[in-house]
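Visitor: Okay, predicted coordinates and the sequence, questions at the end:
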Amino acid sequence: MSEIEFRRAAFGDRPAPTPDVLASGGPPRRRLLGAIVLGAQGRYAAASALLEPLARDRDPVIAALALSALASHRRQLGGHTTARGLDGAALRRASGAASDADPDGLDAPGALADALLGLAADHLGTGRLSASRRVLDRAGEAVRNWRTRVRLGWVTAELALASGDARAATAPAEAALEEATAAGSVRHTVKSRLVLAAALGAIGHKRRAGDLVSGALAAADKYELSSLSWPAGLIAADLWPAQAARHRARTAAVLHAVLLSSDPEGRRLARESPWVPV
């Protein structure tokens, strides 16, 4: 399969190829895209097998993007401290790098923004809100493409939620959803729906929050986005207490499958994390 098809699976609306195709060889950028899709499916072991060699690539942009992707996967399993080390390494590789422009941010400015946004999310996950805010301000200056604008909206909204200001979270979350929808990225739209649902649910707008979560769950199931399906189930359980047991049981089943598809380090991080209901 071509790199264009891999790119559509990572950043567009194409259903993912089979895992063996995603994990197959090829040029560095194709392997990076395959790892991104595998991570979205919660197949962290297969993704790590692609990303770890790419993190040592002589091209600093590819190496930085691979480090940031691996950090994102660690963070998805609650390993914010581990992710911070990887994002720091990504920032070192991306700083001063140069490349041709890429529409989805797989370029030097995108690698720099990914590292900074990752660090902001890492600080947020470990309760270092002031540090998160400082890095997020730096990241805002580095954003050049739709994908990093979406991610900036996510982290800005999540920081507002963590700071106890749910109303301030709604505007960046709305902007992220609009940007992701306009770009036609299923994965980014699903995540944006969840971030916005969390913000709306926190200020009592339960009806729209529920609609957003329902749509996110349906799309996550259709496109096999297990990394987003289990967080969506947790939000659904909070929004609909009468159905909480069903949503939590479903979440546990999805998360169990994700952990079976994770490498030992990913499983360890999940077991030790206060964020992952293992």
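Guide: Sure, I can see it.

Visitor: Okay, buried residues for stretch 192-212 please.
Guide: Buried residues in stretch 192-212, counted by 16 or more other C-beta atoms under 10 Å: 192-202, 205, 209-210, 212. The C-beta positions use only the backbone N, C-alpha and C, and glycine is treated the same way.

Visitor: what's the offset of that stretch from the middle of its chain?
Guide: With C-alpha atoms, centre = their mean, to the nearest Å as the basis, stretch 192-212 stands 18 Å off its chain's centre.

Visitor: which residues sit against it?
Guide: Contacts of stretch 192-212 with the rest of the structure, by C-beta atoms under 8 Å, 6 or more residues apart in numbering, involve 150, 153-154, 157-158, 160-161, 166-167, 169-170, 173-174, 176-177, 179-181, 213, 215-216, 228, 231-232, 235-236, 238-240.

Visitor: Buried ones among those?
Guide: 150, 153-154, 157-158, 160-161, 166, 169-170, 173-174, 176-177, 179-180, 213, 215-216, 228, 231-232, 235-236, 238-239.

Visitor: Take those and keep only those in helices.
Guide: Using DSSP state H, the subset of the buried ones among the contacts of stretch 192-212 located in helices is 150, 153-154, 157-158, 160-161, 166, 169-170, 173-174, 176-177, 179-180, 213, 215-216, 228, 231-232, 235-236, 238-239.

Visitor: Residue 56: how many residues sit nearby?
Guide: As a burial measure, residue 56 scores 10 neighbours (other C-beta atoms under 10 Å).

Visitor: same deal with residue 248?
Guide: By other C-beta under 10 Å, the residues close to residue 248 number 15.

Visitor: Tell me how far it lies from residue 73.
Guide: 23 Å (C-beta to C-beta, to the nearest Å).

Visitor: Wait, residue 258 touches residue 44, no?
Guide: Yes. In this structure, residue 258 is within contact of residue 44 by C-beta atoms under 8 Å, at 7.4 Å.

Visitor: more crowded one of those two?
Guide: For the pair residue 258 and residue 44, the greater number of neighbours falls to residue 44 (28 against 23), based on other C-beta under 10 Å.

Visitor: mind listing what that one touches?
Guide: Residues near residue 44 by C-beta under 8 Å, 6+ apart: 38, 73, 76-77, 258, 261-263, 266.

Visitor: try 10 Å this time
Guide: 35, 38, 51, 70, 73-74, 76-77, 227, 258-259, 261-263, 265-267, 269-270 (C-beta atoms under 10 Å, 6 or more residues apart in numbering).

Visitor: Narrow those residues to just the buried residues.
Guide: 35, 38, 51, 70, 73-74, 76-77, 227, 258-259, 261-263, 266-267, 269-270.

Visitor: then the strand or helix carrying residue 64 to PDB, C-alphas only?
Guide: Per DSSP states H and E, residue 64 falls inside helix 60-76. Coordinates of each C-alpha in helix 60-76 appear next as PDB, following Å, rounded to 0.1, in the frame of the first residue of the first chain:
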ATOM      1  CA  PRO A  60      16.200  14.700  13.200                       C
ATOM      2  CA  VAL A  61      12.600  15.400  12.000                       C
ATOM      3  CA  ILE A  62      11.700  11.700  11.700                       C
ATOM      4  CA  ALA A  63      13.500  10.900  15.000                       C
ATOM      5  CA  ALA A  64      11.600  13.700  16.800                       C
ATOM      6  CA  LEU A  65       8.200  12.700  15.300                       C
ATOM      7  CA  ALA A  66       8.800   9.100  16.300                       C
ATOM      8  CA  LEU A  67       9.800  10.100  19.900                       C
ATOM      9  CA  SER A  68       6.700  12.300  20.200                       C
ATOM     10  CA  ALA A  69       4.500   9.500  18.900                       C
ATOM     11  CA  LEU A  70       6.000   7.000  21.300                       C
ATOM     12  CA  ALA A  71       5.600   9.500  24.100                       C
ATOM     13  CA  SER A  72       1.900   9.900  23.200                       C
ATOM     14  CA  HIS A  73       1.400   6.200  23.400                       C
ATOM     15  CA  ARG A  74       3.000   6.100  26.800                       C
ATOM     16  CA  ARG A  75       0.900   9.000  28.000                       C
ATOM     17  CA  GLN A  76      -2.300   7.200  26.700                       C
END
